[in-house]
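Peer 1: any chance you could fold what I've pasted below:
(one chain, ligands or ions: 1)
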Amino acid sequence: MEWLFFLLPIAAISGWLAARSHYKKLNNQQNSPFSPEYFKGLNYLLNEQPDKAIDVFIRLLEVNSETVETHLALANLFRRRGETDRAIRIHQNLIARPSLTPQQRDQALVELGLDYMNAGVLDRAEHLFLELLTKPSPPPEAYQQLLRIYQQEKNWLQAIEMAKKIQSFSQEIIGPTIAQFYCELVEQQLASSPDSVLDLLKQANKHDQNCVRATLLEANLYMSAGKFRKAIKTLLRIEQQDNHYIPEALPKLLECYQQMNDLSAFNTWLESLLTIHSNMTSARLMLTHVIHLQHGSQAAQDYLHQQLPKHPSVEGLHTLISLGEQSNPILIPLVKGITNTMVRRGSRYSCQHCGFAGKTMHWHCPSCKKWGTVRPTEIHLSALESLLEPSK
Ligand SMILES: [Zn+2]
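Peer 2: Have a look, this model is predicted:
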């Protein structure tokens, strides 16, 4: 792999050569591009002495409008290789030159900010990008990077402000992300100032009326205030917002209907839900649970017995076995052990964008860092073999 790393700077040098020979055509009395200095630089590079090589290049490659691109390309190569300090040196050298046009200086400043981001010095990056925002026409990248910084710092108020600025000039659909930021803010302020959060949730709704997370948070507020009818009305909105998230609402709905002593209404709603979404295992299992609560274990088993052939699922099987545990003292515990392992190991949530799979709900994908792309899924029968392998 090492040889590949050498090729990258060489590619940059050939770019520089092209620029230089172009420059040469304009100034015929210039030195040959293959000057001894050039070979010295190349030699340092090949001998893994990039720091000396950079010194040679910086000295050799006078910064002017023709060579700025080459400087930028070389610095970016170093940054991509993780050699951030070298990238910073080249970018700082560029910025110090008075001959740059305002656009070139802004570009070099953006790149230097990216170096700082890579090096993890967020405060310096923030300072630099904020300075860029004071320019007459700030580079859009500065807004994007500030948004990244505020998210990393969990500074949600600033993140909201920056996202709104981006929304004002870009085509990007950023409303759902802003709604997620408001939800983050709600979770931050829930303990300290619970009175302000309902307003924040309204803001979330304003930016994304299909924000399921805001709906779940709103329902939580009503539930802790004992307003169960209002909580139910709120939770039922999720069916219209995005029915993939209904599984997240089911345990809350159960609690509300139980508190209101109205399980039969929940039963009716679940039945109608299953006529529309016949493969929603979580709803079928919840209905089984409700039947169990209302009419006992045998009724729940009968219901699942009748459902499972048409809608097989690991969790359904697991529930059925659990319900009938006493009836076969040898076989049942054995099969239950198997289904229990599958249910425990299975990933219940997955990211629609990058495929990340996990056991808990993440509104911000830990893998691809997108907002609102993780959603509840079912444990598929196709995953059985890998789920049953001994854990590492
Ligand atoms: Zn993802």
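
Peer 1: around the ion, which positions in this structure sit nearby?
Peer 2: The chain has residues 351, 353-354, 356, 365, 367-368 near the ion, with proximity defined as C-beta under 5 Å from the ion. Heads up, the C-betas are built off the backbone N, CA and C, glycines and all.

Peer 1: switch the cut-off to 8 Å
Peer 2: Counting by C-beta under 8 Å from the ion, the chain comes close to the ion at 351-356, 365-370, 373-374.

Peer 1: among these, which ones are buried?
Peer 2: Buried members of those, scored by 16 or more other C-beta atoms under 10 Å, are 351, 356, 365, 370, 373-374.

Peer 1: past the one helix or strand Ala163 maps to, which element shows up next along the chain?
Peer 2: Ala163 is located in helix 156-169, with elements delineated by DSSP states H and E. Under the assignment DSSP H and E, the closest C-terminal helix or strand after helix 156-169 is helix 175-189.

Peer 1: which strands or helices does whichever helix or strand comes after that following helix pack on?
Peer 2: Downstream of helix 175-189, the first helix or strand assigned by DSSP H and E is helix 197-207. Helix 197-207 is packed against helix 175-189, helix 212-224, with contacts defined by 3 or more C-beta pairs under 8 Å, 6 or more residues apart in numbering; DSSP states H and E.

Peer 1: what about Ser322, neighbour count?
Peer 2: A total of 14 residues lie near Ser322 under the criterion other C-beta atoms under 10 Å.

Peer 1: which helix or strand contains the nearest residue to it once chain neighbours are set aside?
Peer 2: In this structure, Ser322 finds its nearest non-sequential neighbour in Lys336, 6.5 Å apart by C-beta to C-beta, 6 or more residues apart in numbering. Using DSSP H and E, Lys336 maps to helix 331-345.

Peer 1: which strands or helices does that helix pack on?
Peer 2: Taking 3+ C-beta pairs under 8 Å, 6+ apart as the contact cut, helix 331-345 packs with helix 314-323, helix 384-388.

Peer 1: tell me the buried residues in it?
Peer 2: 336, 338-339, 341-343.

Peer 1: how far does that helix sit from its chain's centre?
Peer 2: Relative to the mean C-alpha coordinate of its chain, helix 331-345 is positioned 33 Å out (C-alpha atoms, centre = their mean, to the nearest Å).

Peer 1: and it, C-alpha only, in PDB?
Peer 2: Listed next in PDB are the C-alpha coordinates belonging to helix 331-345 (Å, rounded to 0.1, in the frame of the first residue of the first chain):
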ATOM      1  CA  LEU A 331     -39.600 -29.400  24.000                       C
ATOM      2  CA  ILE A 332     -40.900 -25.900  24.900                       C
ATOM      3  CA  PRO A 333     -37.900 -24.700  26.900                       C
ATOM      4  CA  LEU A 334     -35.600 -26.000  24.200                       C
ATOM      5  CA  VAL A 335     -37.300 -24.200  21.300                       C
ATOM      6  CA  LYS A 336     -37.700 -21.100  23.500                       C
ATOM      7  CA  GLY A 337     -34.000 -21.000  24.100                       C
ATOM      8  CA  ILE A 338     -33.500 -20.800  20.400                       C
ATOM      9  CA  THR A 339     -36.100 -18.200  19.700                       C
ATOM     10  CA  ASN A 340     -34.900 -16.200  22.700                       C
ATOM     11  CA  THR A 341     -31.400 -16.100  21.300                       C
ATOM     12  CA  MET A 342     -32.700 -15.000  17.900                       C
ATOM     13  CA  VAL A 343     -34.800 -12.200  19.300                       C
ATOM     14  CA  ARG A 344     -32.100 -11.000  21.600                       C
ATOM     15  CA  ARG A 345     -29.400 -11.000  18.900                       C
END
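
Peer 1: what's the next secondary structure element after that helix?
Peer 2: Next in sequence after helix 331-345, counting helices and strands by DSSP H and E, comes strand 349-351.

Peer 1: what is the mean pLDDT for the helix or strand following that next one?
Peer 2: Once the chain leaves strand 349-351, the next helix or strand it forms, by DSSP H and E, is strand 357-358. What strand 357-358 shows for mean pLDDT is 88.

Peer 1: where does the protein have low pLDDT?
Peer 2: Applying pLDDT under 70 to the chain flags residues 1-48, 50, 59-66, 325-331, 334, 379-392.

Peer 1: and stretch 359-370, how far apart are its ends?
Peer 2: This stretch, stretch 359-370, spans 18 Å end to end (C-alpha to C-alpha, to the nearest Å).

Peer 1: returning to that earlier point: rebuild the helices and strands packed on helix 197-207 as a markdown table, extending it with mean neighbour count.
Peer 2: Shown next, in a markdown table, are the helices and strands packed on helix 197-207 (neighbours: other C-beta atoms under 10 Å):
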| stretch | mean neighbour count |
| --- | --- |
| helix 175-189 | 22 |
| helix 212-224 | 21 |
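
Peer 1: ok, for Cys365, nearest residue in space, not its chain neighbours?
Peer 2: Using C-beta to C-beta, 6+ apart, the nearest residue to Cys365 is Cys351, at 4.6 Å.

Peer 1: so what's the one you found bridging to?
Peer 2: Val374 (DSSP bridges).
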